[in-house]
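J.: predicted structure and sequence below. I'll ask about it afterward.
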Amino acid sequence: YDILETADQAYQAAAAFGRFQADLADLDGRLHETIPNFHNTPSRLAALELAVKEDRAGRLKQVTPELEFILARRNETGRLLELQAAGELTERTTHNDTKLNNILIDKDTGEGICVIDLDTVMPGSVLYDFGDMVRTMTSPAAEDEENLDKTFLRMPMFEAVVKGYLEASREFITPQEVSKLAFSGLLITMETGIRFLTDYLEGDVYFKTKKERHNLHRARTQLRLVESMEEQMPEMEECVRKCFQTVNG
């Protein structure tokens, strides 16, 4: 499935990715880092700032509100990396592309059967995988939707993702990781917006585009979703807390 239609699909997908992480939690050794610094958000921000300085495609004047939005949140970009550096977050084997269409779903039972598309499986934080699930599974709008009123976080979908994921990951996930689940959705969504905006300023050299200002529309959609998450962050964190309590009896 490419489009998330029900909360049960969100639950099943999140549970499948949680089981995938659980299966690899005791893997001996460390996998090759397929894409170094893939979820290094400060590094992504530095690339954006370089693109602003160079303004290769002459598009800088078009993105002032988006840049202001991102730069106002600069201090948030390194939060998870700081915790990792302090040893408070465990490096694990993660998928790094946790979209709905990377789960095979049984057409009869609706159950998430297995994870596919394994080319980006590498060392990382489970929070990056969870954050990308929140980014891709909670909004009803397409990634390049131009009407930003259609982009927002749906709490029922978020709750389904949290429940599915925590039920599958409860044997290995730490309280520190749980405490950052809601924030990880915001961070990975903002990181993706940064990447789209960087590519737009560089002249659309990385992401494939199908229409004029495609990457700018993508960036705006991500940043609007960040805004929606900020508005609902207390509810998101409370949802995580209650689900974690329920799962752990």
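T.: Arrived safely. Every value quoted in this text rests on a predicted model; they were computed, and no experiment measured them. Numbering: from 1, shown residues only.
J.: what residues does the residue nearest the centre of the chain make contact with?
T.: Residue closest to the mean C-alpha point of the chain, counted by Cα atoms, centre = their mean, is Asp132 at 2.1 Å. Taking Cβ atoms under 8 Å, 6 or more residues apart in numbering, we find Asp132 in contact with 96-99, 188. (Glycine included, C-beta is placed from N, CA and C.)
J.: so how far is Glu146 from the residue with the largest distance to the centre of the chain?
T.: In the chain, the residue that sits farthest from the middle, by Cα atoms, centre = their mean, is Gly58; the gap is 29.3 Å. For Gly58, the distance to Glu146 (Cβ to Cβ, to the nearest Å) stands at 22 Å.
J.: show me where this protein has its strands.
T.: If DSSP state E is used as the criterion, the strands of the chain fall at 92-94, 103-105, 112-115, 122-124.
J.: any idea which of those strands gets closest to Arg73?
T.: With Cβ to Cβ, the closest approach to Arg73 among the strands of the chain belongs to strand 122-124: 21.6 Å.
J.: nearest spatial neighbour of Glu237, chain-adjacent residues omitted?
T.: In space, and not counting its chain neighbours, Glu237 is closest to Ala182: 4.7 Å by Cβ to Cβ, 6 or more residues apart in numbering.
J.: the one you found: what's it in contact with?
T.: By Cβ under 8 Å, 6+ apart, the neighbours of Ala182 are 229, 233, 236-237, 239-240.
J.: show the buried residues in these.
T.: 229, 236, 239-240 (16 or more other Cβ atoms under 10 Å).
J.: going by distance to Leu31, which of those wins?
T.: Taking those together and measuring to Leu31 by Cβ to Cβ, the closest member is Val240, at 27.8 Å.
J.: now the closest one: how far from Met233?
T.: 11 Å.
J.: then Arg154?
T.: For Arg154, the distance to Met233 - Cβ to Cβ - is 15 Å.
J.: got it, and Asp97?
T.: Look at Asp97 and Met233: by Cβ to Cβ, they are 25 Å apart.
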